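Asks: Any chance you can model this:
(2 chains)
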Amino acid sequence: MRRRFFAILATACLCLMTYGSASASAAGAVSVWVALSETGGAHAEAAEALRAEVDQAQPGRIEWRIAHWSQFASSVPEPHWVVAVGTAAQRGMQDLFAGDGTPPPLLAILVPRLAFERIADPARLRNGSLSAVFLDQPPARQLELIRLALPAVRTVGILVSAESKAHGAGLDKAARERGMRLAMTQVGQEGLFPALQSLLAEVEVLLALPDPAVFNSQTAANILTAAYRRQVPLVGFSPAYAKAGALLALYSTPAQVGLRGGDVLRQALAGRTLPPPQWPREFAVTVNQDVAHSLGFALDQSQLGEQLRQRERP
Amino acid sequence: MPRRRLLAVLSAPTLAVLSTCPFAQEVSEKDYFGDLPVVLSVSRLAQPLDETPGAVTIIDRELIRRSGARELAEVLRLVPGFVTGQINGANPMANYHGDFDSLNRRLQVFVDGRSVFSTLLVGNVGHPMMGVVLDDIERIEVLRGSNSAAQGSNAFSGVVNIITRDAADVPEVSVAVTGGEKGILDRSVRARIGDERLAFRVTAARRDDNGLDNLADNKRVDQLHLRGDLRPSAADHLSVFAGSINHEWEVQGTPAVWRKENWRNAYVHGKWQHQLSETNSLTLKGSIDEENYIDSYPRFPLKADGRGRRLSLEGAHTTALNQMLRLVWGAEFRREEVQSRALFNTDTTQNAQMWRLFGNVEWRPHPKWLINAGGLWEDHTIVGPRTSPRLMVNYHLLPDHTLRVGSTQAYRMPTLFELRGDWRVGGVPFVRATGGLKPERLVSDEIGYLGHFRGLALTVDVRGFEEAGSSLARYFGAAPNDVVNKDRYRKRGWETQLRWRPLDGTEVLFNHTQIRIRSWATGNTQLSDQLAAPSHFSTLAIFHRLPAEFDFSVIATEAEQMTWGTINDLLPASRQIDLRLAKGFRFGTTRAEAAIAVQAATGSHQEFSPTQRFTRRAFATLRLDF
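Replies: Model prediction:
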């Protein structure tokens, strides 16, 4: 109840503020809403990077409104562009303009691809008024990193649930293109660990994929120890994995995703249309040197990152 | 699998309920930004092979299976420097660089961190080595060379560290049957319940064979082992072990006096590994071992028996003080008790206690240099204290090429029999220890090289050594023998292991050892001491995966002449070739393997004494993992 009261209050305030800024919009500035799933942490960091990137190219042109997604309400005039940072904000902004025949273009950033695709309005995707900069890494980059870091590896394993099995096709293709084989095991009704055991028996590296039904703070410890016992290194998707005991982690920081989001928005502002959803261009590779050492690998984190970037250059 | 299906049916409604909750299991950016507990911390990770303070050979589960071995001692043929053989078909032996008698007591064997040896039978490790089901082993880490500076007097010449499979890692049910010539009939069954968080496994096994030809040495080994693994949090791992071993065998005499021997062992063992912080971890372990030995003459009213008991409590703390310095230190208390009228001529229980304090500093002053400095102080209630230090320097010449130089001193504390023994047969004294025995001493110097040629998939391990021993414990003097410190020796030589994996599924392993033993004993003792190990011995093993899940292996060993303690029992140079062909199958989720193995395929060789021969034997194995 209390949250709802605040939401109404915030909506009322926003309505008043929008009237106040109508004159500025009329004077040629572009209004952009940046709706955050959460007001601090990674979301704020990404939003800040996006704003800095756009402002640097076109100082003063944008009139920014950055707030928690629940604080926005549909208004007249509508913003020219909407950026949603995170999954909740994407859902909130889609819902907000659901009844609108010509909603402002929406760019979702810092969203996992599968989450984006699940909640994306298909009609808006088709007409180009919805796009995204994902938080996850392209399959080719993930497999290329494995090839660079562990050249002897022939079989890469992924453990998925119904939620994340859609990653399989892209990763399988990327693996085959590199002479590797992808082994995918879906967690069934018998539970996570039997699936993990059968997968670890046949793979040389385990690629962790974001899926709370498989990899979460409760299961990560057991997965890491089980894999380490079998000398199967794990490649994680966040720096927390590298710290916890994964051999490698490949990820984009919120600032890197925000930067790419700013880049996309800047181009969109110039061309007035959104490009299709895309992966973050910048990324980071973290090596857990202690784990690498113990497993007998000699890996240089900055060198790996640099080699991977070089491979992606046209 | 009716039971599995039942569980699936029962759990289906639960899953349906869970899946109606829309957001509980959906991916969002939160999955990327959550913190995780540090699981594989510096203090918990295993040392890489190029940083261990000694030469280490690892034999993993796959290699054990592919070797076709039925006994652990046979597996150790794959480790350079290991001399293997058998007193008879019922008593295999293994030692590092040769021993001066057949008591097999200068090697340390650990099973999951529990030191295993016979307290009663002079510290013999042969029996407990037979009391491990090979299919239960995850890997064997063999430290080639003395490790008393870290593990005390049992690790006098080397360490065989057996790590069995975590209870969570084994299939739900496994069954294996081996049958073949020479009365070979082995069967084992293993079952597991639970998963990564809490799991138990139990293994029951029986092994029968008729041993060598024309010799009364039939054996039967029965085993029951239980292991539980509990991981209540990311910081804790609790393992519990319990089991029993029953080893029965016949001993040849003249046909009228053949004997039956029986060695039984029961144990409980617990180990708790706790991570205090990212850089600190604590390991506590405790075990109790009970043993019973009976030597009987079924046709005569003669019997010799005895009991032994051992308690061990140990704690160790590992801490990474900074990037350059890692420290392990700890303490162990051990109590040993034996009671045997046959061996001690009294019904009074003999006992000894030992305190051990140990520490090792691993200092990395420069990325290329690693210095291990450590030592162990042990105080024995009868013998008094001794200190075993070690200094080892590892230099990473290039990232995959390491040189190692070091020196260590080891003591072997006498066993209770060596201190208090009074062995009589039919009232006639054979050995009477007057109690003055001091620990044997060994100073080892070594230089080693470990290289990985990654492009060639080749690993080269070379160890050059000089091992100077003194105060050797000998049974000596006019009958009855006393046990006295006598004689010194020096072993000099080098050994190498090449491991080459040219293809996925193919491994070639070549070991070669050259050793020269000089003895300062006199007469025949000097001759036999100098032949305690073959001057040259080699193993060539090829494991090759063929199409259609066929797997082929050949292990060839060759050794110069040697003796197991007396020059009268000189073993001439020998050669053994073992072959194995296996085929893997799958029926749904069940994996199976059928294998046929032939040992000594090209001919027989002598074992232990001139009258004993190991002849060709074939056997087949069927393994099923459900």
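
Asks: who's in contact with residue B:512?
Replies: When contacts are counted by CB atoms under 8 Å, 6 or more residues apart in numbering or on different chains, residue B:512 is found next to B:80, B:495-496, B:536-538. In this view, the C-beta of every residue, glycine as well, is placed from N, C-alpha and C.

Asks: If any of those are buried, put those into a PyMOL selection.
Replies: Buried subset of those, written as a PyMOL selection, criterion 16 or more other CB atoms under 10 Å in any protein chain shown:
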select buried, chain B and resi 80+495+496+537+538
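
Asks: Just the ones of the contacts of residue B:512 in strands?
Replies: Among these, the residues falling in strands (DSSP state E) are B:495-496, B:536-538.

Asks: how close does the residue of chain B found nearest chain A get to residue A:234?
Replies: Residue nearest to chain A within chain B (CB to the nearest CB): residue B:40, separated by 3.0 Å. Taking CB to CB, to the nearest Å as the measure, residue B:40 falls 9 Å from residue A:234.

Asks: Mind listing what's buried along the host helix or strand of residue B:342?
Replies: Using DSSP states H and E, residue B:342 falls within helix B:341-344. Within helix B:341-344, the residues that qualify as buried are B:342-344, counting by 16+ other CB under 10 Å.

Asks: Packing partners of the helix or strand just after it?
Replies: Downstream of helix B:341-344, the next assigned helix or strand under DSSP H and E is strand B:350-366. Strand B:350-366 sits against helix B:148-151, strand B:325-339, strand B:369-380, helix B:416-420, with contacts defined as 3 or more CB pairs under 8 Å, 6 or more residues apart in numbering or on different chains; DSSP states H and E.

Asks: just the ones you listed: most buried one?
Replies: Among these, helix B:148-151 has the highest mean neighbour count (mean count of other CB atoms under 10 Å in any protein chain shown), at a mean of 26.

Asks: so after that helix, what's the next helix or strand?
Replies: Next element after helix B:148-151 (DSSP H and E): strand B:158-164.

Asks: which outside residues touch the next helix or strand after that following strand?
Replies: Next helix or strand after strand B:158-164 toward the C-terminus (DSSP H and E): strand B:173-180. Identification of contacts with strand B:173-180 by CB under 8 Å, 6+ apart yields B:70, B:135, B:184-192, B:597, B:617-626.

Asks: Within reach of chain A, which of these are there?
Replies: Applying CB under 8 Å from any CB of the partner chain to the contacts of strand B:173-180, one finds that nothing falls near chain A.

Asks: List buried residues within these.
Replies: B:70, B:135, B:184-186, B:188, B:190-192, B:597, B:617, B:619, B:621, B:623-626.

Asks: Show me the residues you listed that map onto helices.
Replies: Members of the buried ones among the contacts of strand B:173-180 lying in helices (criterion: DSSP state H): none.

Asks: Show me the shaky parts of chain B.
Replies: B:1-24, B:254-257 (pLDDT under 70).

Asks: how about the longest strand along it: buried residues?
Replies: Counting by DSSP E, the longest strand found in chain B is strand B:302-322. Counting neighbours by 16+ other CB under 10 Å, one finds that the buried residues in strand B:302-322 are B:304-310, B:312, B:314, B:316-320.

Asks: on contacts alone, who are the packing partners of that strand?
Replies: In terms of contacts (3+ CB pairs under 8 Å, 6+ apart), strand B:302-322 is packed against strand B:280-297, strand B:325-339, helix B:341-344.

Asks: Those residues of the stretch 101-250 of chain B touching chain A, which are they?
Replies: Counting by CB under 8 Å from any CB, the stretch 101-250 of chain B sits next to chain A at B:138, B:166, B:168-169, B:195-197, B:231, B:233-234, B:237.

Asks: again, 7 Å this time
Replies: Counting by CB under 7 Å from any CB of the partner chain, the residues of the stretch 101-250 of chain B close to chain A are B:166, B:168-169, B:195-197, B:231, B:234.
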